[in-house]
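J.: curious how this folds, go ahead:
(2 chains)
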Amino acid sequence: GQQVMQIPQYQHVQEGEDFTTYCNSSTTLSNIQWYKQRPGGHPVFLIQLVKSGEVKKQKRLTFQFGEAKKNSSLHITATQTTDVGTYFCAGYNNDMRFGAGTRLTVKP
Amino acid sequence: DSGVTQTPKHLITATGQRVTLRCSPRSGDLSVYWYQQSLDQGLQFLIQYYNGEERAKGNILERFSAQQFPDLHSELNLSSLELGDSALYFCASSVDEGAGNTIYFGEGSWLTVV
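T.: Below you'll find the predicted structure:
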């Protein structure tokens, strides 16, 4: 069945450094979504990518969808302590499957 | 507040017991999803219902079952509980079943099996 792999599992950065998490699917996806889960909270929708090669930006966050629609990335520029949390990708192909998430910690 | 309501928020029970977790989706959402999140683990998709019918099945154990009722609320039944079933169980909902729907998560039900 469809699998969505996400790396790295953990990332610890100094405040101000950049951060990237990568998502790869074993199958071509119809779309991919990204979610953020703050410590102790629930996943919250960030963005959806649908088109091949699509790039979307939200302030310091840049989301990309690969040309083959099998991979995606989330890049955060100049991390802040408020960026702390776990970032999940979720790929859709008949059903929605989440990656294992990347837990980001930021040292002030 | 996502609009998805889950009860109970916390539950402690003994091994071998059975529990029911309840979920009310956002108003107007027809699709309900259940996910399991263990400590330091990702979101394990369990099952999805759409308008009362099972839509997709993930890594759901045979000891677990779910249903969606005519009023669209859903219940997840966990039986013959084991210590390893201790986890945070999320319910989520979306407008319909297809691609492109934002999934809204509830705050989760913490289950501790002792």
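J.: hey, let's count contacts and neighbours off CA atoms from now on
T.: Noted.
J.: tell me the contacts of B:Pro46?
T.: Just to correct that, residue B:46 is Leu rather than Pro. B:33-36, B:57-60 (CA atoms under 8 Å, 6 or more residues apart in numbering or on different chains).
J.: that's a strand at it, yeah?
T.: Yes. Counting by DSSP: H, G, I helix; E, B strand; the rest coil, B:Leu46 is located in a strand.
J.: please list only the buried members of the contacts of B:Leu46.
T.: With burial judged by 16 or more other CA atoms under 10 Å in any protein chain shown, the buried subset of those is B:33-36, B:58, B:60.
J.: determine which two of these are furthest apart.
T.: The two members of the buried ones among the contacts of B:Leu46 with the most space between them (CA to CA) are B:Tyr33 and B:Ile60, at 11.8 Å.
J.: give me the common contacts of these two.
T.: Counting by CA under 8 Å, 6+ apart, the shared contacts of B:Tyr33 and B:Ile60 are B:45-47.
J.: and which of the residues you listed is nearest chain A?
T.: Taking CA to the nearest CA as the measure, chain A lies nearest B:Phe45 of the shared contacts of B:Tyr33 and B:Ile60, at 6.7 Å.
J.: beta-bridge partners for that closest one, please?
T.: When assigned by DSSP bridges, B:Phe45 has beta-bridge partners B:Tyr35.
J.: so what's the residue count around it?
T.: Around B:Phe45 there are 21 other residues, counting by other CA atoms under 10 Å in any protein chain shown.
J.: could you do B:Pro70 as well?
T.: In terms of burial, B:Pro70 registers 10 neighbours under the definition other CA under 10 Å.
J.: nearest residue to it in space, please, no chain neighbours.
T.: Taking CA to CA, 6 or more residues apart in numbering or on different chains as the measure, B:Pro70 lies nearest to B:Gly52, with 6.3 Å between them; neighbours along the chain are not counted.
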